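1. sequence below, structure please.
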Amino acid sequence: MTTHRMDPSHTLNARTSNVAVATSAPFSNSTRILLSTSGGSNSAGTYQKKLALRLRELQLEKQALRTAHNATTQICSLPDDVLSLIFLDLASMEAEPRVISHCFAKKQSWVPQTNICRRWREVAIGCASLWTSPLFHWKMPEWGPIMVDRSQQAPLTLKLIQNALGSTPDPTSSKALSAISGRLRVVEIQSRNFASGKLSALLSHCQWSTAPMLESLIIDNRAEGRHRTSGTDTFPDNFLLGGTPSLRSLEVLCCSVEWSKLPVYNVPQMTHLSLANGKGTEDQYRPSVKALADALRAMPLLESLKLVEFLPSGEEPAYPTRTTLLTVTSLTVMDSGKKIKHFFDTIDIPDYAYIDVHDRTDARPEEIEVQFLSILASLEPGPMSDTKPSLLDGIQKLDVTFGGDGLKHKLWTFKMWPVADDDASKPETFKFTYQDSAWFPERVDSIRVLQLFDLDPLEILNVTGGEQVRTDAWRRVFAPLPNLKEITLGKGTHFGRFARAMRLGQYEPATESGEPTKGAQAFPSLSKLTFSKIDLNMKRSLKKKKAINPFIKFCDVMKERSQTSAPIIELSMRKCKNIVEADKRALEAAGASKLRVQWDKREDVTSESETLRWYSDVLAESSDDAGLQI
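-> Residues are numbered from 1 along each chain as shown. Below is the predicted model of the structure:
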């Protein structure tokens, strides 16, 4: 502020100067009269009170004038309902607003935008839908109750994290949280740090026995996304057991909760049910066969079912009557093989349903076969069998993967797409995963169990990590398939065994002399091959003096097939290892004009004189069945 000094030689009487200003400036009459009477009989205190009152009046006038000015602008003349829609869109554009707010303890970023002017604020406060996702956080305990109050009686969406209320919850927040059960529509409660004690404390403050409007409930207690539990029951005794008649979707993940405490009874609207406990969950947390059957039968609209370590113990006899789930389109079960087999012995599901099975125990080939047979027996024609492809009609595409992130428990995974399904982006219809710690000879039988399915329609085969797939398995299971057109070998696949299977043809018993009998041509319809990140020199042990680079043999096969009615038309090489320039030229010559070879120019080219790589007998070609030696 600038202070103006008066010239001492021109002193003015205060009354005279105020009157002069009052008469010359465009002030209102009230201000002029007040200024002109400043030297009257009024005391200084009384006069200052009059001035303060007048200042307040002027501030109100100023605000009124600004409001009138804003009202004439185009954006401020929008109707209340249009302005409310803009606010709702603004709030919806904020990515994960409650998560961000929890981390930094700030109100949602869209809230300040509603305070641009008085009318905007009034419209925002009056829009109940704008406040239907109340934010509870211990650093701002007043905000959650305020949002609940502003939401009036609209249905609520609530998201809580484990420390939402802090160690000593604010009474106002606790009261507001426990009083909204009748208005809840969507609830998500997360405890990502595997702190079941904190989750239990949070649930105890909710005190919800009934939730008549609740449609979706997620309680996620996973540790960094893994299915683990602490072994402690986290649910209060009466939590939502009073009734949730509108519940459509329920996810309870890794909470170590007993089946009897789950709101899975009297929920006829349920369409999605996902329950997960930790590996090796005790039987006390699992449902009985009858309890599970009764619950599923009371869900006539169920579409998606996921049970992780929540299957019956398997010791009970099967339920007298199989439970039919005609509306289920997605089924996921993860448990021990014995419990999985027992589960599929008690239910029927539509043959077009997506099935994901994970046997979490080391399974032998005969155990896998029993599971496959139980799964196939549980598939019954459903109402959409005529319009959706079925696994029972045959397999058109198959992915076989062997690998894992640990040395002890490797995983086999079979993914299958049914016949007559041309949508490449669609997820597989059947996925089966199991642990495998077996010694390599037993793994051949694991591949052979695929023959329980109808593989004749198979057109596309992808194999990754298949170093344990031996020559005779290639010849028995895949070589005879009449429609197999495309094969992709991924990283870890034994190239030498595959090339050998192509050369020897389909499997036939060896003669009495032990000499192999060459059968009909292997892969009679094969026209496209892709090798990705595989070792082209993976061969039998160099202890064999006559060891020959398997790629040379492969070139011979390509040359022979180019002269038949089933030549290989396209061959793609992607980041392959151990190939020399001479072999590349030999491959180009082998296919003549019929074979189109695509190199990505990222292959590992070795020198012509480099010593051939040595492999142990476990991975060598000579480890195949007796009678199949070269």
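2. burial check on the closest residue to L481 other than its chain neighbours, number of neighbours?
-> Closest residue in space to L481, ignoring its immediate chain neighbours: L458 at 5.2 Å, by C-beta to C-beta, 6 or more residues apart in numbering. For glycine as for every other residue, the C-beta is placed from the backbone atoms N, C-alpha and C. By other C-beta atoms under 10 Å, 25 other residues sit near L458.
3. how close does L458 sit to F235?
-> Separation of L458 from F235 (C-beta to C-beta, to the nearest Å): 47 Å.
4. which residues of the stretch 251-400 of the chain fall in strands?
-> 272-276, 304-308, 323-324, 330-335, 347-350, 354-362, 379-380, 395-403 (DSSP state E, counting those that start in this stretch).
5. can you put those in CSV and add distance to I368, mean neighbour count and mean pLDDT?
-> Formatted as CSV, the strands of the stretch 251-400 of the chain follow (distance: least, C-beta to C-beta, whole Å; neighbours: other C-beta atoms under 10 Å; pLDDT from 0 to 100):
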stretch, distance to I368, mean neighbour count, mean pLDDT
strand 272-276, 23, 21, 95
strand 304-308, 19, 21, 96
strand 323-324, 24, 16, 92
strand 330-335, 14, 21, 96
strand 347-350, 19, 21, 94
strand 354-362, 7, 19, 93
strand 379-380, 17, 18, 91
strand 395-403, 13, 20, 92
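6. okay, those in JSON lines with distance to V419 next?
-> Shown next, in JSON lines, are the strands of the stretch 251-400 of the chain (distance: least, C-beta to C-beta, whole Å):
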{"stretch": "strand 272-276", "distance to V419": "28"}
{"stretch": "strand 304-308", "distance to V419": "24"}
{"stretch": "strand 323-324", "distance to V419": "24"}
{"stretch": "strand 330-335", "distance to V419": "20"}
{"stretch": "strand 347-350", "distance to V419": "16"}
{"stretch": "strand 354-362", "distance to V419": "16"}
{"stretch": "strand 379-380", "distance to V419": "14"}
{"stretch": "strand 395-403", "distance to V419": "5"}
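7. average pLDDT for stretch 257-264, rounded please.
-> The pLDDT scores in stretch 257-264 average 90.
8. what's the spacing between V370 and G337?
-> 8 Å.
9. the two: which has the busier surroundings?
-> It is G337, of V370 and G337, that has more neighbours when counted by other C-beta under 10 Å, with 23 against 18.
10. my guess is that one contacts D362, does it?
-> No: contact between G337 and D362 fails when scored by C-beta atoms under 8 Å: they sit 9.0 Å apart.
11. which neighbours do the two share?
-> Y434 (C-beta atoms under 8 Å, 6 or more residues apart in numbering).
12. next, the buried residues of stretch 65-73.
-> N70 (16 or more other C-beta atoms under 10 Å).
13. no wait, stretch 551-562
-> Across stretch 551-562, burial judged by 16+ other C-beta under 10 Å covers F551, K553, F554, C555, V557, M558, K559, R561, S562.
14. and the fifth one, how far is that from T327?
-> This means V557. 50 Å.
15. now E57. Nearest residue, chain neighbours left out?
-> The nearest residue in space to E57 (C-beta to C-beta, 6+ apart) is S30, at 7.6 Å.
16. surely the one you found meets R54?
-> Yes: using C-beta under 8 Å, S30 is in contact with R54, at 6.6 Å.
17. who's more crowded, the two?
-> A direct count of neighbours by other C-beta under 10 Å for S30 and R54 places R54 higher, at 16 against 12.
18. can you pull out the low-pLDDT segments for the stretch 301-450 of the chain?
-> The model of the stretch 301-450 of the chain has pLDDT under 70 over residues 314, 318-319, 404-409, 421-424, 438-444.
19. now with 80, please.
-> Residue ranges of the stretch 301-450 of the chain with pLDDT under 80: 314-320, 382-387, 404-409, 420-426, 437-445.
20. let me see the ranges of the helices in it.
-> 337-344, 365-378, 443-448 (DSSP state H, counting those that start in this stretch).
21. how about those in TSV, adding distance to E122?
-> As requested, the helices of the stretch 301-450 of the chain are exported to TSV (distance: least, C-beta to C-beta, whole Å):
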stretch	distance to E122
helix 337-344	58
helix 365-378	60
helix 443-448	69
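22. buried deepest among the ones you listed, which one?
-> helix 337-344 (a mean of 23; mean count of other C-beta atoms under 10 Å).
23. what about V449, how many neighbours?
-> 20.
24. so where's the stretch 151-300 of the chain uncertain?
-> 161-170, 191-202, 204-205, 222-234, 278-281.
25. make it 90
-> Across the stretch 151-300 of the chain, residues meeting the criterion (pLDDT under 90) sit at 159-179, 189-207, 220-239, 241-242, 253-258, 260-261, 265-266, 277-285.
26. of the buried residues of stretch 551-562, closest to G242?
-> F554 (69.2 Å; C-beta to C-beta).
27. ok, that closest one - contacts?
-> With the criterion set at C-beta under 8 Å, 6+ apart, F554 makes contact with F495, A499, M502, L536, L587.
28. what does Y354 give?
-> T329, S330, L331, P427, E428, T429, F430.
29. from the contact counts, what lies against the longest helix along the chain?
-> The single longest helix within the chain, with elements called by DSSP state H, is helix 44-71. With contacts taken as 3 or more C-beta pairs under 8 Å, 6 or more residues apart in numbering; DSSP states H and E, helix 44-71 sits against helix 29-36, helix 118-126.
30. could you give the angle of the last one to helix 44-71?
-> In this structure, helix 118-126 runs at an angle of 80 degrees to helix 44-71, with axes from the mean of the first three to the mean of the last three C-alpha atoms, to 10 degrees as the basis.
31. one more: the shortest one?
-> What separates the directions of helix 29-36 and helix 44-71 is an angle of 150 degrees, with the same axes, to 10 degrees.
32. give me the neighbour count for M573.
-> 21.
33. closest to V477 out of the strands of the stretch 251-400 of the chain?
-> Going by C-beta to C-beta, the one of the strands of the stretch 251-400 of the chain nearest V477 is strand 395-403, 9.9 Å.
34. sheet partners, orientation included, of that closest one?
-> strand 410-418 (antiparallel), strand 460-464 (parallel) (DSSP bridges).
35. compile these into CSV and extend it with columns for mean neighbour count and distance to W138.
-> Below are the strands paired with strand 395-403 laid out as CSV (neighbours: other C-beta atoms under 10 Å; distance: least, C-beta to C-beta, whole Å):
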stretch, mean neighbour count, distance to W138
strand 410-418, 21, 42
strand 460-464, 20, 48
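36. S36: which of the ones you listed is closest?
-> strand 410-418 (93.7 Å).
37. chain center to the closest one, what's the gap?
-> 19 Å (C-alpha atoms, centre = their mean, to the nearest Å).
38. swap in stretch 257-277?
-> 20 Å.
39. distance between the ends of that stretch?
-> With C-alpha to C-alpha, to the nearest Å as the measure, the first residue of stretch 257-277 is 8 Å from its last.
40. list the buried residues for that stretch?
-> Within stretch 257-277, the residues that qualify as buried are 257, 259, 261-264, 267, 270-277, counting by 16+ other C-beta under 10 Å.
41. and for stretch 74-86?
-> L78, L83, S84, I86.
42. check stretch 33-50 too.
-> For stretch 33-50, the neighbour count (16+ other C-beta under 10 Å) marks L34, L35, S36, T37, S38 as buried.
43. also stretch 568-586?
-> 568, 571-574, 576-580, 583-584, 586.
44. from these, which is closest to W417?
-> Nearest to W417 among these, counting by C-beta to C-beta, is S572 at 20.9 Å.
45. would you agree the closest one is in contact with I487?
-> No: applying C-beta under 8 Å, one finds S572 not in contact with I487, separated by 11.0 Å.
46. which residues are common contacts for these two?
-> Applying C-beta under 8 Å, 6+ apart, one finds that S572 and I487 are jointly contacted by K528, L529, T530.
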